[in-house]
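Trainee: Sequence first, then the predicted structure:
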Amino acid sequence: MIRTLDDLDAEGAAVGVRVDINSPVAPDGTLDDDSRLRAHVETLDELAARGARVAVLAHQGRPGGDDFTSLADHAERLSALLDAPVEYVDATFSAAARERVRSLADGSVLVLENTRFYSEEVMQFPPAEAASTHLVAGLAPVLDAYVNDAFAAAHRSQPSIVGFPEHLPGYAGRVMERELDALGDIASTPTPRVYCLGGAKVDDSIGVASTVLESGLADVVLTAGVVGNAFLHATGVDLGPESTRVLTDRAGDRLAQAEELLDTYGDRLHVPLDVAVERDGERVEVSVEDLPVPEPAMDVGSATVAAYGDVLANAGTGILNGPAGVFEEERFAVGTRGLFEGATAADYTIVGGGDTASAIRRLGLSGFDHVSTGGGAALAMLTGESLPAVEALR
Ligand SMILES: Nc1ncnc2c1ncn2[C@@H]1O[C@H](COP(=O)(O)OP(=O)(O)OP(=O)(O)O)[C@@H](O)[C@H]1O
Ligand SMILES: O=C(O)[C@H](O)COP(=O)(O)O
């Protein structure tokens, strides 16, 4: 049984709220998309309106990445989105941060600094150990309650996700509650169930394909994006040097597993029929028989969209994660648009992923039964795994 905001006595309470506002960042360091911030408005405004003193905990990017930035811009955006007053402090659990939490007025919100600026937060721990990390042990004494609304990070057993409920009463926020309701019982959704795995996290997606094919949760797996290129490569097709470099980098040591999956489940595991490349500034579609080409494959082509569309139109449930191409460039958004529009023909459609959500917004796509804020977390649930964040709240 998980407690929700309905069970929380918010008036005057200092509430640590873990959100997932990890977002695409523009080259100048500002936020490129605020979909994930919008998703948490309901929880944060509700708590503030009920008189809580809200301390927001969140991460952005991973150490070493271009998107590993401060949360100053996130706080500014939140200030525009929320009814409640929003402050920001460039500290997470130091004396300065604790003092700001203590002096927060009822009904106001304080955004603490990127949790991943602290090394323990990029490690994973069992809850009891997470509870004694510097971040959690430092901050917990100034909090009365902990709310986890960070569904998109719920598959990480990191201190700010699993440590606080060891010290404080823990509650699910509104995003977490909705996601668990929508994704909690995948095995009872209508069949045939078709998973379409795109995007760039090839190693994760090979693992997902393996689990859902083996367990029978998936009747069919369609592959697109870099994931599709990797499976195409695993069938023995040479895509050319640029695509091969990208897919090999992204697959880690899992390419051999992709080959095994094709051997075992070939008829249920579909690879692209064509790809799109940039040639003389134009989108050019190349069918698989005409590969290799020197240019990188940036999208799936229209034959793939049509073939996958037929499969999705006959699906009971369509589950889509990750864009089919580099949707950030209009000419390579064609596959993502076609595939996601086609998926709405399934009886029930679930889409998930950080970049997927921004693709949906940017391309103005709609008609899905559930748009999950989570990528890896949604996939973990959709493969029947339990989530550390949820176990910690239990
Ligand atoms: N063929 C391709 N070549 C290079 N990049 C691609 C290709 N297809 C998709 N991408 C990139 O993949 C990225 C998104 O992949 P990703 O796996 O992160 O999806 P996601 O929806 O964010 O899922 P998650 O939330 O799990 O991260 C986009 O930035 C897109 O440009
Ligand atoms: O974007 C995501 O999937 C979540 O914010 C988790 O981020 P991570 O994959 O860097 O842990």
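Mentor: Noted; the coordinates are in hand. Ligands and ions are numbered 1, 2, ... in the order given.

Trainee: Pull the number of nearby residues for the residue nearest to I186 when sequence neighbours are not counted.
Mentor: Closest residue to I186 apart from its sequence neighbours, by CB to CB, 6 or more residues apart in numbering: L382 at 5.2 Å. No exception for glycine: its C-beta is placed from N, CA and C like everyone else's. If you count neighbours by other CB atoms under 10 Å, L382 ends up with 26.

Trainee: does L382 really touch I319, like I thought?
Mentor: Yes: using CB atoms under 8 Å, L382 is in contact with I319, at 5.7 Å.

Trainee: which secondary structure element contains the residue lying closest to A343 once chain neighbours are set aside?
Mentor: Nearest residue to A343, sequence neighbours excluded (CB to CB, 6+ apart): G318, at 4.3 Å. Element membership of G318 [criterion: DSSP states H and E] is strand 317-321.

Trainee: what comes into contact with that strand?
Mentor: 186, 189-199, 205, 208, 312, 339-340, 343, 346-353, 356, 375, 378-379, 382 (CB atoms under 8 Å, 6 or more residues apart in numbering).

Trainee: what's the neighbour count on D238?
Mentor: Counted with other CB under 10 Å, residues neighbouring D238 total 12.

Trainee: Could I have the CA atoms of stretch 28-37 written out in PDB?
Mentor: C-alpha atoms of stretch 28-37 as PDB (Å, rounded to 0.1, in the frame of the first residue of the first chain):
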ATOM      1  CA  ASP A  28      23.800  27.900 -24.400                       C
ATOM      2  CA  GLY A  29      22.800  25.900 -21.200                       C
ATOM      3  CA  THR A  30      19.200  26.900 -21.100                       C
ATOM      4  CA  LEU A  31      16.200  24.400 -21.100                       C
ATOM      5  CA  ASP A  32      15.200  23.300 -24.600                       C
ATOM      6  CA  ASP A  33      11.900  21.700 -23.500                       C
ATOM      7  CA  ASP A  34       9.800  22.100 -20.300                       C
ATOM      8  CA  SER A  35       7.400  19.100 -20.700                       C
ATOM      9  CA  ARG A  36       8.800  17.400 -17.600                       C
ATOM     10  CA  LEU A  37       8.500  20.600 -15.500                       C
END
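
Trainee: Check whether that stretch comes near ligand 1.
Mentor: No: applying CB under 6 Å from any ligand atom, one finds stretch 28-37 out of contact with ligand 1, separated by at least 9.8 Å.

Trainee: from the chain's centre, how far out does that stretch sit?
Mentor: Here stretch 28-37 is found 14 Å from its chain centre; the criterion is CA atoms, centre = their mean, to the nearest Å.

Trainee: re earlier: so what sits against both of L382 and I319?
Mentor: I186, Y195, I350, G352.

Trainee: okay, the angle between the helix or strand harbouring the second one and strand 317-321?
Mentor: Translated: Y195. Using DSSP H and E, the element containing Y195 is strand 193-197. Put simply, strand 193-197 runs at 10 degrees to strand 317-321, going by axes from the mean of the first three to the mean of the last three CA atoms, to 10 degrees.
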